[in-house]
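*Asks:* sequence first, then the predicted structure, then my questions.
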Amino acid sequence: RDARNYYLPGFLTNGFWIIVLAASLLARMPGIGLLVEYLRRPVVSGWRQWLASWRGEPELVRAYNQATLVWIAVFALRLLVQVPLYLAGSVGLLGAARLILGLPLFALGIWISWLLIGGPYHRRQADQAQTDQEVHADHD
């Protein structure tokens, strides 16, 4: 058995996410936006209204697009570093690269995504809260 084969599932996983996230951008539904919005408000029916509720906000969609690009870069960086090490048979360096490009890079991706999304997301929340207050005030 070749110890390098331990790393193949990770390569496939990273490639899969690059394809899925790139396809989401091409479909004009950024994958990170879909994830964040679904975690915020899971939807079982009424998909069109759910999509329209956040896709109609250009600043937020732009932030979701940028965050999706960040994650494509995270997965691509892993492949760009690790695949040549795999092909060269450098198992020790491959293990070190996997550690460095694992949790630390994942945490960096989350932090950058939060920086990109945080402002537009919280402005949207504040705008919705103000709209809700105005609607309730009108009914009182």
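*Replies:* It's in.

*Asks:* burial of residue 70, as a residue count?
*Replies:* Neighbour count for residue 70, taken as other Cβ atoms under 10 Å: 19. Heads up, the C-betas are built off the backbone N, CA and C, glycines and all.

*Asks:* same question but for residue 32, I mixed them up
*Replies:* 24.

*Asks:* and residue 14, by the same measure?
*Replies:* Using other Cβ under 10 Å, residue 14 has 20 neighbouring residues.

*Asks:* that one against residue 80, yeah?
*Replies:* No. Counting by Cβ atoms under 8 Å, residue 14 does not reach residue 80; the two are 9.9 Å apart.

*Asks:* which neighbouring elements make contact with the helix ranked longest in the chain?
*Replies:* The longest helix of the chain (DSSP state H) is helix 103-139. Applying 3 or more Cβ pairs under 8 Å, 6 or more residues apart in numbering; DSSP states H and E, one finds that helix 103-139 contacts helix 31-40, helix 58-88.

*Asks:* show me what contacts the residue sitting nearest the centre point of the chain?
*Replies:* Geometric centre of the chain, nearest residue: residue 32, 3.6 Å, by Cα atoms, centre = their mean. Neighbour list for residue 32: 21, 64, 67-68, 70-71, 113, 117 [criterion: Cβ atoms under 8 Å, 6 or more residues apart in numbering].

*Asks:* for it, give its distance to residue 20.
*Replies:* For residue 32, the distance to residue 20 equals 11 Å [Cβ to Cβ, to the nearest Å].

*Asks:* repeat for residue 11
*Replies:* According to Cβ to Cβ, residue 11 stands 15 Å off from residue 20.

*Asks:* quick check: phi and psi on residue 90?
*Replies:* phi -90, psi 80 (degrees, to the nearest 10).

*Asks:* with residue 43 instead?
*Replies:* Torsion angles at residue 43 (phi, psi; degrees, to the nearest 10) stand at phi -130, psi 140.

*Asks:* equivalent analysis for the one 4 residues further on, please.
*Replies:* For residue 47, the backbone dihedrals are phi -60, psi -40 (criterion: degrees, to the nearest 10).
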